[in-house]
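> Provide a 3D model corresponding to the input given below.
(chains A and B)
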Number of protein chains: 2
Amino acid sequence: MAKEKKQVEAITSMDVDFAQWYTDIVKKAELVEYSGIKGCMIIRPTGYAIWELIQKELDARFKATGVENVYMPMFIPESLLNKEKDHVEGFAPEVAWVTHGGNEPLQERMCVRPTSETLFCDFYSRIIESHRDLPKLYNQWCSVVRWEKTTRPFLRSMEFLWQEGHTAHATAEEAQERTIQMLNLYADFCEDTLAIPMVRGQKTDKEKFAGAKATYTIEALMHDGKALQSGTSHNFGDGFAKAFDIQYTDKENKLQYVHQTSWGMTTRLIGAVIMVHGDNNGLVLPPAIAPTQVVIIPIRQQAEGVLETADKIREKLGGCRVKVDDSDKSPGWKFAEHEMRGVPVRIEIGPKDIEAGQAMVARRDTGEKVAIAIDDLETEIPKLLERIQKEMLERARVHRDEHTYDAHNAEEMADIAANKPGFIRAMWCGDRACEDSLKETAGITSRCMPFAQETIADTCVCCGKPAKKLVYWGKAY
Amino acid sequence: MAKEKKQVEAITSMDVDFAQWYTDIVKKAELVEYSGIKGCMIIRPTGYAIWELIQKELDARFKATGVENVYMPMFIPESLLNKEKDHVEGFAPEVAWVTHGGNEPLQERMCVRPTSETLFCDFYSRIIESHRDLPKLYNQWCSVVRWEKTTRPFLRSMEFLWQEGHTAHATAEEAQERTIQMLNLYADFCEDTLAIPMVRGQKTDKEKFAGAKATYTIEALMHDGKALQSGTSHNFGDGFAKAFDIQYTDKENKLQYVHQTSWGMTTRLIGAVIMVHGDNNGLVLPPAIAPTQVVIIPIRQQAEGVLETADKIREKLGGCRVKVDDSDKSPGWKFAEHEMRGVPVRIEIGPKDIEAGQAMVARRDTGEKVAIAIDDLETEIPKLLERIQKEMLERARVHRDEHTYDAHNAEEMADIAANKPGFIRAMWCGDRACEDSLKETAGITSRCMPFAQETIADTCVCCGKPAKKLVYWGKAY
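You can find the predicted model right below:
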């Protein structure tokens, strides 16, 4: 009992210290272990299994739209990184430089990829010749490195895992279409699979990607009212094509520049899942990405027939990811442990249950506990998992909407920013000066100009000039 | 027709120049494109799709033995790399060093992982406390970097993709058992999936891994008679555990060192597939790892009903990876292109075939072409793919056995090494001096001491002293 208590005590309450609560979960649910290398984390089996499920689903959705996977080198020679001016300015200050190979200094230093636009462009310039070679719809799964000063597991780390899609198209229209298609694919994935509702929109010029013509984003609201940028999709126009000389001959045999896009999602999504769904007992995983969806815990497991029944139930639930925990820990310890790890459904089965022909079934997300006839588990549990998945999305949507505020003028903006953590919807004149000012005075940044535009006031919330766009603002991770 | 001819002409015959033939296939089958970074290759969609199929099958086999996936940082601080003496001596001369992060020099330089023993050991030293924490059966899929002077696509490149398994056990026996289990898993996988027969055995001390107590290997014979080390499994004993202080308390509450293993396979396997199965028309893929198993080529595709029938056949073959090539190239061009890419089965369907209710079915591996009734394709094609898979393994085994020679004394050894490319089986006294001498005089190295030991002579093939072991020798990639 002492040990069980210790485990529960070790989690900081999210209401007391959200940041510490997050760190506690990441460690106690064994998602991550810190490594000896500052800012680099070790992703442990539970964390990695979540990532594998995310990968599998995303990858299938990519491929359904014609995307193919490739693998590019992890190194970028300095001269290649320097080819596109905005891009190098954005990334050069935060790359890791390789200067020696074996015992010898390199003639030209190389950075470890912070992102691979330059490599894909160099590649495309060599393999694209004719309009018949277009479009190119390539993606890669890999790790990238950005030299961050402050890091947090999943949210911001020196090295992280991601996918980066890079496409080349014959026309500007096709590139724009693909940019939006991938943004919507990301948002749908997050809603269907991670049970996280997203605001879809465009970044302001200040917030867009280094070298992009336009950046689109999906933004989620965490439990503490902060925003998390969860995926981005960029339209590059022909800027990179001109810098890297990527041309094709069109049907009239004329040389044309290609139009490009790129889009990426990262292990940061796991951080979003923690901060949207987690509670004071630990992680709460949506069934779609739970490495274990159902854990069966035998009560008085030495008693005759208990383990056998647990195993029979496991076999019946073969369509789910199900485990029997028959370790020699106490049931109470096991409850706490699997709650900490966010397993969506727990089935308890003991001698009395067997006698009554039923099992106790507990939901991780709501704590609800009901008795279900053993014979019905096979049909009821998959339905329950589906229900949990849907209701988790709905609860997150309600929370998000309840923490989304409209500010019609500067006073309201200041009040909400100071007192009400959440998204703030407010009108903007389009000037960067107003973004800078709001960042300085209220600590908030523009998250996006949502696709669903409305006019909630006529003037800019900051300067009072005529408003051009509705913007979602917030404090961000 | 000119273009078709050009494509065929561009492949060097394997009998004229095997190395050039290999390079031609790698390029023409679009497996790889060279990048601007010396020794680093770009894996193109066809090459990467083969790797994905290899990964999927291997990963499932790993998981069936209880292995879990994790992800470790790509950087290793110099002090960590230095902890195990033999290991650092083996790898330090061939690593890439990161010396700067952003614009600032690092306090301690870090290398990009050439392999991750040191990272796993550091990790294990922090998470293993009790016998209850054992065994740890972890694996990761990632890329590693080794600063090679001469490189060849897939076979030897500066950066390559691989998996590395790292396990920790309570006892020496358990570690040895896991080492052999994984070697056999590798060999079975290569035979079942890649259709490549393997010699299973142990490396001599000279050839073993830096820091290992014993290294086991699977060795394959390429079409040109050279050997390819295709996977290795190492027993580390408690050497790393002592260097990294990885201890656990046993059931009697005494501190004990763990016993460790590691094992890896790489994208080099794709090179093996090319060099074992390929021919003068290009790549020949075993169905199990062919991204496209069946290509349907419409003949006179503008004629009524042809494309419709092709599509219907595609739907019927939904259990296979099947494509219709309805591009506007000529059928002859398509035949050559899909042969180059190694697609196992080609189905030709034109107006005359439709009239006769049949389709022409051609095997890539043998060139055989037969008519099969359209109604039978659904049952016949999957059977044919299975047959091809089996027969490719059998053909490779016959080739391997026909190119495996016994040398009973020094004269025979010199003769075979000079004139008969292949494996040489010969007895060895166990002295490294004889290995060095054979390398110098005949250019051959010991490939392995096979598990299946026999005595084919009483004396060492090199020095004439009493023989201890049967060894497979050969020239190696």
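
> Who are the contact partners of A:Asn281?
Counting by Cβ atoms under 8 Å, 6 or more residues apart in numbering or on different chains, A:Asn281 touches A:Val8, A:Ile11, A:Ala336, A:Glu339, A:Met340. C-beta here means a position set from N, CA and C on the backbone, and glycine is covered the same way.

> residues contacting A:Met340?
Neighbours of A:Met340 in contact, by Cβ under 8 Å, 6+ apart: A:Gln7, A:Ile11, A:Ile25, A:Lys28, A:Ala29, A:Asn281, A:Gly282, A:Leu283.

> can you do 10 Å?
Shown in contact with A:Met340 (Cβ atoms under 10 Å, 6 or more residues apart in numbering or on different chains): A:Gln7, A:Val8, A:Ala10, A:Ile11, A:Asp24, A:Ile25, A:Lys28, A:Ala29, A:Glu30, A:Asn281, A:Gly282, A:Leu283.

> what's around the fourth one, how many residues?
Here the neighbour count serves as a burial measure; for A:Ile11 (other Cβ atoms under 10 Å in any protein chain shown) it reads 21.

> How are the strands of the stretch 301-450 of chain A distributed by residue range?
A:322-324, A:345-349, A:358-363, A:369-373, A:404-406, A:423-428, A:445-450 (DSSP state E, counting those that start in this stretch).

> Quick one: the helices in the stretch 301-450 of chain A, in order.
Assignment of helices within the stretch 301-450 of chain A using DSSP state H, counting those that start in this stretch yields the ranges A:306-316, A:331-340, A:351-356, A:377-402, A:410-419, A:432-442.

> Kindly state which of these is positioned closest to A:Thr115.
The closest of the helices of the stretch 301-450 of chain A to A:Thr115 is helix A:432-442. By Cβ to Cβ, the value is 23.8 Å.

> Can you say which of the helices of the stretch 301-450 of chain A is packed in most?
helix A:331-340 (a mean of 19; mean count of other Cβ atoms under 10 Å in any protein chain shown).

> chain center to it, what's the gap?
Centre-to-centre, helix A:331-340 and its host chain are 27 Å apart (Cα atoms, centre = their mean, to the nearest Å).

> quick one: average pLDDT of that helix?
Averaging pLDDT along helix A:331-340 yields 96.

> Can I get it in PDB? Just the C-alpha atoms.
C-alpha atoms of helix A:331-340 as PDB (Å, rounded to 0.1, in the frame of the first residue of the first chain):
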ATOM      1  CA  PRO A 331      -5.100  -5.200  -8.300                       C
ATOM      2  CA  GLY A 332      -5.000  -1.700  -6.800                       C
ATOM      3  CA  TRP A 333      -1.500  -1.100  -8.000                       C
ATOM      4  CA  LYS A 334      -2.400  -2.400 -11.400                       C
ATOM      5  CA  PHE A 335      -5.500  -0.100 -11.600                       C
ATOM      6  CA  ALA A 336      -3.300   2.900 -10.800                       C
ATOM      7  CA  GLU A 337      -0.500   1.900 -13.300                       C
ATOM      8  CA  HIS A 338      -2.800   1.300 -16.200                       C
ATOM      9  CA  GLU A 339      -4.700   4.500 -15.400                       C
ATOM     10  CA  MET A 340      -1.400   6.300 -15.500                       C
END
